[in-house]
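Trainee: turn this into a structure:
(one chain, ligands or ions: 1)
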Amino acid sequence: MSSAASLSGISAKLPQSLRVEQRGVVALLFLARAHKRNALDDATVFGLEAFFSSLPEGIKAVVLAADGEHFCAGLDLGELAQLNVGQGVAHSRSWHRAFERMEFGQVPVVAVLRGAVVGGGLEMAAACHIRVAEGSAYYALPEGSRGIFVGGGGSVRLPRLIGTAQMMDMMLTGRSYDAAEGQAIGISHYLVTPGEGLGKGIELAERIAANAPMTNFAVTHVLPRIAQSDPASGYVTEALIAAIAQGEDEAKARMQAFLNKRAPKATQD
Ligand code: 1HE
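Mentor: Model (predicted):
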């Protein structure tokens, strides 16, 4: 597959704070700034945008993980301290672009969370499609106590994930949630013991990568739009994407495989 060479092409363009590896059709992208607890500086944010904008065709899913004990300490506070109002708007919009490329990019993204998942780190996790948390993960929005507001799309994505009331509490009172609480309120989809996160993330990414590409497109690009639209528009959009997906040769082949007793049944894991 030519994707290995292409991933090394992307790798050469990434800042030092990002590192990429390949496992077959799955790309592993690591935040590699553990000495700063993977705080997101401009170079990293632009690197994320570039990475998710130019994945080679052979890559079918991405696992986003982090070096060190902490997934991400959020915004690099040293950078925001220098910005005036106009630059602050541009800064926030640059985060929006990067996380938009993640959420509505070419392939599904599985995040592997541990330690601090705070501020912009939680905003980034919210832009991923599947979240696996190790038992050490915890979630907070320290923006409230730093005198600022979320700027990485958190006010759009987090209310959908955990509800506006929970987000208000996190920002106004500084409340944090541990990994078990985060699982209970819907931040993570999977909770695993420390050290198991990457393996679980790769396993899930490989399963996702085995889906028909049109199904993955429908789930990541169309489902969230339907969920935000009025029901009448939602039903029409659903009918259209359902027809497009089932009309693909791959869907026909998969359904025929089941009818010919060559495909697995939909049993419990
Ligand atoms: C940083 C950052 C950072 C660490 N920006 N440099 N985010 C926060 O408010 C969280 C701030 N960070 C922390 O609360 C702690 O660092 C942690 C709880 C995550 C980890 O604690 P610890 O004891 O393991 O590490 P540390 O000693 O605090 O940090 C190690 C180094 O990383 C240290 O630098 P050093 O040069 O003194 O070694 C820290 O200064 C540095 N570091 N976190 C800059 N965030 C688009 S809007 C998004 C808005 C936000 O994200 S606001 C939330 C910001």
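Trainee: please make it C-alpha for all contacts and neighbour counts, starting now.
Mentor: Fine.
Trainee: so is stretch 85-98 next to the ligand?
Mentor: Yes: under the criterion of C-alpha under 6 Å from any ligand atom, the ligand is reached by stretch 85-98 at residue 92.
Trainee: now that stretch: buried residues?
Mentor: 91, 94, 95, 96, 97, 98 (16 or more other C-alpha atoms under 10 Å).
Trainee: equivalent analysis for stretch 20-28, please.
Mentor: Within stretch 20-28, the residues that qualify as buried are 20, 22, 25, 26, 27, 28, counting by 16+ other C-alpha under 10 Å.
Trainee: max pairwise distance over the residues you listed: which two?
Mentor: 20 and 25 (12.9 Å; C-alpha to C-alpha).
Trainee: if I look at the closest residue to the ligand within the stretch 151-269 of the chain, how far off is residue 88?
Mentor: Residue nearest to the ligand within the stretch 151-269 of the chain (C-alpha to the nearest ligand atom): residue 151, separated by 3.7 Å. According to C-alpha to C-alpha, to the nearest Å, residue 151 stands 9 Å off from residue 88.
Trainee: what do you get for residue 240?
Mentor: 40 Å.
Trainee: ok, residue 123 next?
Mentor: Applying C-alpha to C-alpha, the value for residue 123 to residue 88 is 17 Å.
Trainee: try residue 12
Mentor: Counting by C-alpha to C-alpha, the gap from residue 12 to residue 88 is 29 Å.
Trainee: go ahead and name everything in contact with the longest helix along the chain.
Mentor: Criterion DSSP state H: the longest helix present in the chain is helix 85-103. Helix 85-103 is contacted by residues 45-46, 48-50, 52-53, 80, 109, 124, 127-129, 151-153, 220 when judged by C-alpha atoms under 8 Å, 6 or more residues apart in numbering.
Trainee: next SSE after that helix?
Mentor: strand 109-113 (DSSP states H and E).
Trainee: flag every residue of the stretch 151-269 of the chain that's near the ligand.
Mentor: Residues of the stretch 151-269 of the chain lying close to the ligand (C-alpha under 6 Å from any ligand atom) are 151, 152.
Trainee: how about the strands in the chain?
Mentor: For the chain, the strands defined by DSSP state E occupy 18-23, 26-31, 61-66, 109-113, 116-118, 130-134, 138-140, 177-178, 190-192.
Trainee: save these as JSON lines, and put in mean pLDDT and distance to residue 216 too.
Mentor: Formatted as JSON lines, those follow (pLDDT from 0 to 100; distance: least, C-alpha to C-alpha, whole Å):
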{"stretch": "strand 18-23", "mean pLDDT": "96", "distance to residue 216": "19"}
{"stretch": "strand 26-31", "mean pLDDT": "98", "distance to residue 216": "14"}
{"stretch": "strand 61-66", "mean pLDDT": "98", "distance to residue 216": "10"}
{"stretch": "strand 109-113", "mean pLDDT": "99", "distance to residue 216": "11"}
{"stretch": "strand 116-118", "mean pLDDT": "98", "distance to residue 216": "26"}
{"stretch": "strand 130-134", "mean pLDDT": "98", "distance to residue 216": "13"}
{"stretch": "strand 138-140", "mean pLDDT": "98", "distance to residue 216": "28"}
{"stretch": "strand 177-178", "mean pLDDT": "98", "distance to residue 216": "30"}
{"stretch": "strand 190-192", "mean pLDDT": "98", "distance to residue 216": "19"}
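Trainee: and those: which comes nearest residue 73?
Mentor: Here strand 116-118 is closest among the strands of the chain (C-alpha to C-alpha), at 5.4 Å.
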